[in-house]
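Participant: need coordinates for the following:
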Amino acid sequence: MKRRTFSITTLGLALACGMSATTAFAQTKWDLATAYPATNFHTENLAQLVSDVDKATGGKFKITLHANAALFKAPEIKRAVQGGQAQMGEILLANFQNEWQLFGADGLPFLADSYDASKKLYNAQKPFLDKKLGEQGMKLLYSVPWPPQGIFTKKPLASAADLKGIKWRAYSPATARIAELVGAQPVTVQQAELSQALATGVVEATMTSGATGVDSKLYESLKYYYDTQAWLPKNAVMVNKKAFDALDKASQDALLKAAADAETRGWAQSAKVNTDTIAKLKANGMSIEAPPAALKADMAKVGDAMLKEWLEKAGPDGKALVDAYRK
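Facilitator: The predicted structure is shown next:
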């Protein structure tokens, strides 16, 4: 009798251990790569998504967020997700315009210069993004814009002529092309290295958002911010399609729900960050300026030239996107 009790107990322990091992094995773990600091609103939004997925799946689906280019640098993240080195990543779409022109639609100066216009452009762009990323083995989860872009400089600007020869930080093909059109000297510098580039004189001006201005403490090296509201470039969060398809239905649903919530939350956060960061720049001694009429006219010409160039390169899909946006 004792022997039988021992056998049953032993069997029970074995089954319990087996169940425990199965439970541990069933947990899915993903890596999420982003190039922005943990304190950036995009990254905070991702952190909330990670938490939402964890709660919705009862800890079964764990996503580890790697901020500030800790896992992959900004230009490497798309390829890493595409190749499966990271299951999930965040990119600035405009960074990949040279690969496919439609990635850079929201980086065209003055095409969409408000949140409402940016949302309309995104709605026109999204079917093309879904198709392209799908062809590349990825799935778009959501997209959130940066606040409107302005010009940060060391010296005051009256017109585009004041930018001639200046060392201009470029972070995308569009920002590099703007530099060329105004006669500035484009220097490619990623956000994680921007503070050092400014401190060492590698960069003297840049066109970016107030959020980046605060993140990189641009007020420590630059004095003026011209609120041109030139465009609202978007970050896109995407996943490796095979990794997504391998998830159980409950985990897929949890991720898609968290992504939809992150998109809604992110757009609202972006608008709030725009107001808050401009106030912070001003509080830290930066002069916030409306662009002078001559500068505004000069930059509008730059926008017209770049749209024409982009349409020539983008072909029928580019025309279809812009037509859909302008309806």
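Participant: dump the residue contacts of the residue sitting nearest the centre point of the chain.
Facilitator: For the chain, Asn235 is the residue whose C-alpha lies nearest the centre (CA atoms, centre = their mean; 2.4 Å). Taking CB atoms under 8 Å, 6 or more residues apart in numbering as the criterion, Asn235 is in contact with His42, Glu90, Ile91, Leu92, Leu93, Ser143, Val144, Pro145, Trp146. Using the backbone N, CA and C atoms, a C-beta is placed for each residue, glycine as well.
Participant: strands of the stretch 201-327 of the chain, start to end?
Facilitator: Remark: strands assigned in the stretch 201-327 of the chain by DSSP state E, counting those that start in this stretch are 205-209, 224-226, 234-240, 287-289.
Participant: ok, Val302 - how many residues close by?
Facilitator: Neighbourhood size, Val302 [other CB atoms under 10 Å]: 19.
Participant: compile the strands of the stretch 201-327 of the chain into CSV and extend it with columns for mean pLDDT and distance to Gln190.
Facilitator: Below are these laid out as CSV (pLDDT from 0 to 100; distance: least, CB to CB, whole Å):
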stretch, mean pLDDT, distance to Gln190
strand 205-209, 92, 12
strand 224-226, 97, 21
strand 234-240, 98, 14
strand 287-289, 97, 25
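Participant: so which of these is nearest Lys55?
Facilitator: Nearest to Lys55 among the strands of the stretch 201-327 of the chain is strand 234-240 (18.5 Å), distances taken as CB to CB.
Participant: rewinding a little: who wins for neighbours among the contacts of Asn235?
Facilitator: In terms of neighbour count, Glu90 stands highest of these at 27 neighbours, by other CB under 10 Å.
Participant: next, give phi and psi for that one.
Facilitator: phi -120, psi 130 (degrees, to the nearest 10).
Participant: for Leu311, see how far away it is.
Facilitator: 28 Å (CB to CB, to the nearest Å).
Participant: what's the answer for Asn98, then?
Facilitator: Counting by CB to CB - Asn98 and Leu311 are separated by 16 Å.
Participant: between those two, which has more neighbouring residues?
Facilitator: Leu311 (15 against 12).
Participant: run a quick check on the more buried one versus Leu321, I expect a contact.
Facilitator: No: Leu311 is not in contact with Leu321 according to CB atoms under 8 Å; the separation is 9.6 Å.
Participant: which stretch of helix or strand covers Gln125?
Facilitator: Under the criterion of DSSP states H and E, Gln125 resides in helix 115-135.
Participant: tilt between that helix and strand 234-240?
Facilitator: Comparing the axes of helix 115-135 and strand 234-240 via axes from the mean of the first three to the mean of the last three CA atoms, to 10 degrees yields an angle of 30 degrees.
Participant: per-residue confidence averaged over whichever helix or strand comes after helix 115-135?
Facilitator: Counting by DSSP H and E, the next helix or strand C-terminal to helix 115-135 is strand 138-145. Mean pLDDT, strand 138-145: 98.
Participant: which helix or strand lies directly C-terminal to strand 138-145?
Facilitator: strand 149-153.
Participant: which other residues reach that next one?
Facilitator: Outside strand 149-153, the residues touching it (CB under 8 Å, 6+ apart) are 157, 163, 166, 204-210, 213, 218, 222-233, 291.
Participant: and Glu309, what's its pLDDT?
Facilitator: Looking at Glu309, its pLDDT stands at 96.
Participant: once you drop chain neighbours, what's closest to it?
Facilitator: Leaving aside its chain neighbours, Glu309 sits nearest to Arg177 (7.6 Å; criterion: CB to CB, 6 or more residues apart in numbering).
Participant: which residues sit against stretch 247-258?
Facilitator: Contacts for stretch 247-258 (CB under 8 Å, 6+ apart): Thr28, Leu49, Asp52, Val53, Ala56, Thr57, Lys60, Phe61, Leu141, Val239, Phe244.
Participant: for those residues, which one is nearest Thr277?
Facilitator: Nearest member of the contacts of stretch 247-258 to Thr277, counting by CB to CB, is Leu49, at 21.9 Å.
Participant: next, count neighbours for that closest one.
Facilitator: Other residues close to Leu49 by other CB under 10 Å number 26.
Participant: residues contacting it?
Facilitator: Here Leu49 is in contact with Ile63, Val237, Ala258, Ala259, Asp261, Ala262 (CB under 8 Å, 6+ apart).
Participant: could you identify the most distant pair in the residues you listed?
Facilitator: Between any two of the contacts of Leu49 (CB to CB), the greatest distance is 14.5 Å, for Ile63 and Asp261.
Participant: who's more crowded, the two?
Facilitator: Using other CB under 10 Å as the criterion, Ile63 and Asp261 rank with Ile63 on top: 22 against 15.
Participant: which residues touch the more buried one?
Facilitator: Counting by CB under 8 Å, 6+ apart, Ile63 touches Lys29, Trp30, Asp31, Leu32, Leu49, Val50, Val53, Asp54, Met88.
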